[in-house]
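1. Generate a structure from the sequence data that follows.
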Amino acid sequence: MATIGNQIADIIEELTRLQNVPSPYDVADDDFPLPRLIDAGNGGSLVVSRKLDEGITTVADALMAADPALAPKYTRAEWRASVRKSFGPALVSIDLDIDPSTNADAVLATIKSDLSRQNADYGVREYAFGCTLFGNTAIQPFSIGIVRFEGRSDWLDRKHRDGDISKTARRRIERSWEGLRLRKRRPSRDSINERVVRDTVEESPYVCSVLIDGLAAEAGRDKALTAVRLAMAAIALLWQTPSKTLEGLNLNFDRIPHRQQTLIFLPGVMHSQSSWSHLPRSHWLRPGEWEEIFSANAAHFRLVGEILACIVSPTGNVSRPRMTTALAQSLLWFHEGCRDPVSLMGIVKFSASLDALAMGGGAGGIERLVTARLGIESGIPIRSNGPTLRQAVAQVYREGRSRTVHGTNSKLGHDWVGTRGLAEQLTRLCLLTCIRWAGENPTSDDPGEFSR
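-> Predicted coordinates for the structure are as follows:
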């Protein structure tokens with residue numbers, strides 16, 4: 001396998017060849033219709049060929065593979081773009097008459113230095129998203145670890161105090177939220193900021209913010225979104241049917257309520273059906289009720305905050321990586337199970353959530369998990385006149401999950417709503433009790449203890 005130095009030497013040889021051809025970008029097998037350009041710094045650019053361009057991508061992938069610490073900090077596309085940006089100035093700084101291998105060493109050193117500088121620039125970022133929560137908006141701001149939820153007016157006041165939103169923009173945003181018509185502004189940086197705030201929050205009564213440190217922009221945004229989704233799932237866990245609660249807990253980024261229309265044709269007759277895609281908000285709470293719920297479940301949310309910190313860590317150096325990683329993956333699968341519109345897919349995802357808590361032990365592992373955490377023995381009915389624990393797990397994991405995943409489910413067209421509800425309840429109770437156990441045992445980093 002070629003070393004990174006050899007790969008860069010090949011790029012330099014291709015760059016040398018291009019100096020003697022009239023149109024280096026006019027290649028018959030190149031499906032890109034315009035000249036390929038890379039930034040050369042100081043406002044200049046360098047015309048490259050498809051071969052050279054693909055060589056840079058190869059080097060970028062090799063650099064990431066050689067340093068596993070980069071993977072949590074960048075998306076692959078973001079890293080490739082950073083390497084590509086570093087290549088231009090490095091290539092124009094060399095003398096092509098020098099031996100390519102010698103030049104390759106210089107180019108690699110320049111690229112690494114520039115990438116190191118870029119990485120050092122990734123400090124703290126605050127990502128903000130419009131969202132819905134509960135029906136009433138008189139809720140005090142609260143935080144679950146790195147995720148902060150605020151009524152949009154509270155958020156706007158805070159960002160104005162921070163100096164991020166001007167007095168003029170703040171006043172106009174407030175007027176737009178009141179439904180008042182705004183006079184057109186002269187184009188400026190402040191007018192653009194105002195419009196972006198209004199477009200991001202839209203009609204949402206709340207804003208959620210996430211503090212991210214040490215990550216590139218796109219990787220930071222992706223992890224911020226995951227953190228908010230899991231924070232919402234952790235809130236929904238406190239209700240009997242989390243999937244119902246999550247219908248009204250949404251990010252504008254993910255979905256906005258809309259009418260779903262269906263046409264139905266019978267011989268000579270046309271009918272239509274219409275419904276909302278999901279609830280525009282979650283439960284109505286009396287004044288002060290959420291604050292009481294949040295306070296009563298402070299230990300739950302402290303541990304969730306630990307999970308969220310694990311998700312966004314740029315290094316993975318957290319206090320209990322095995323414990324928090326297992327809980328994070330379980331909570332992620334649980335969130336996706338609640339959101340999925342297809343009952344069988346929801347069962348598959350709830351099963352994956354349970355399997356994450358059971359350390360991949362399959363049906364037997366899930367039985368042991370439920371017995372340890374909920375105190376239900378395998379041969380005992382889980383409810384009056386209901387199935388035993390073993391039968392319930394077989395229904396969820398073997399019939400619902402395994403046969404669907406393996407393509408052997410002969411009941412694909414059946415109604416799986418009841419089994420999905422059973423899977424959701426088992427997963428909810430196990431997640432709640434595992435989170436509680438982890439909070440009560442702060443020195444444990446062994447998720448296997450959930451099943452003991």
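2. can you give me the strands in the stretch 101-250 of the chain?
-> Applying DSSP state E, counting those that start in this stretch to the stretch 101-250 of the chain gives strands spanning 124-132, 142-144, 147-151, 206-213, 250-251.
3. So for Pro287, which of those sits nearest?
-> Among the strands of the stretch 101-250 of the chain, the nearest to Pro287 by CB to CB is strand 147-151 (13.0 Å). For every residue, glycine as well, the C-beta is placed using N, CA and C.
4. returning to what we had before: for Pro442, which of the strands of the stretch 101-250 of the chain is the nearest?
-> Of all the strands of the stretch 101-250 of the chain, strand 142-144 sits nearest to Pro442, with 17.7 Å by CB to CB.
5. Starting from the closest one, tell me which strands it pairs with and how they run.
-> When pairs are called by DSSP bridges, strand 142-144 turns out to pair with strand 147-151 (antiparallel).
6. Please state the mean pLDDT value computed over the partner strand.
-> Per-residue pLDDT values over strand 147-151 give a mean of 97.
7. outside of it, which residues touch it?
-> With CB atoms under 8 Å, 6 or more residues apart in numbering as the test, strand 147-151 has contacts from 131, 133, 137-139, 141-143, 158, 205-211, 227-228, 231, 308.
8. Ok, which of the strands of the stretch 101-250 of the chain comes nearest Ile366?
-> Among the strands of the stretch 101-250 of the chain, the nearest to Ile366 by CB to CB is strand 142-144 (27.2 Å).
9. Report the buried residues of the closest one.
-> 142-144 (16 or more other CB atoms under 10 Å).
10. ok so, going back, got the strands of the stretch 101-250 of the chain as CSV, with distance to Arg373 columns?
-> Formatted as CSV, those follow (distance: least, CB to CB, whole Å):
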stretch, distance to Arg373
strand 124-132, 31
strand 142-144, 22
strand 147-151, 26
strand 206-213, 30
strand 250-251, 30
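11. I figured Gly214 was touching Lys73, is that so?
-> Yes: taking CB atoms under 8 Å as the definition, Gly214 is a contact partner of Lys73 at 6.7 Å.
12. ok, Leu332 - contacts?
-> Leu332 touches 226, 229-230, 353, counting by CB under 8 Å, 6+ apart.
13. ignore the last one, Asp95
-> Taking CB under 8 Å, 6+ apart, we find Asp95 in contact with Asn103.
14. circling back to that earlier point, the contacts of strand 147-151, buried ones only, as a PyMOL selection?
-> This is how PyMOL selects the buried members of these, with burial counted by 16+ other CB under 10 Å:
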select buried, resi 131+133+139+142+143+158+205+206+207+208+209+210+211+227+228+231+308
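15. who touches both of Gly214 and Lys73?
-> Contacts common to Gly214 and Lys73, judged by CB under 8 Å, 6+ apart, are 122, 314.
16. okay, these two: which has more neighbours?
-> Using other CB atoms under 10 Å, the more surrounded residue of Gly214 and Lys73 is Lys73, with 21 against 18.
17. So for that one, what's the pLDDT?
-> If you check Lys73, the pLDDT there is 93.
18. Same check on Met1?
-> What the model reports as pLDDT for Met1 is 59.
19. Show me where the stretch 51-200 of the chain dips below the pLDDT cut-off.
-> 137 (pLDDT under 70).
20. ok, which stretches of it are helices?
-> In the stretch 51-200 of the chain, the helices defined using DSSP state H, counting those that start in this stretch lie at 76-92, 100-120, 152-161, 167-177, 189-201.
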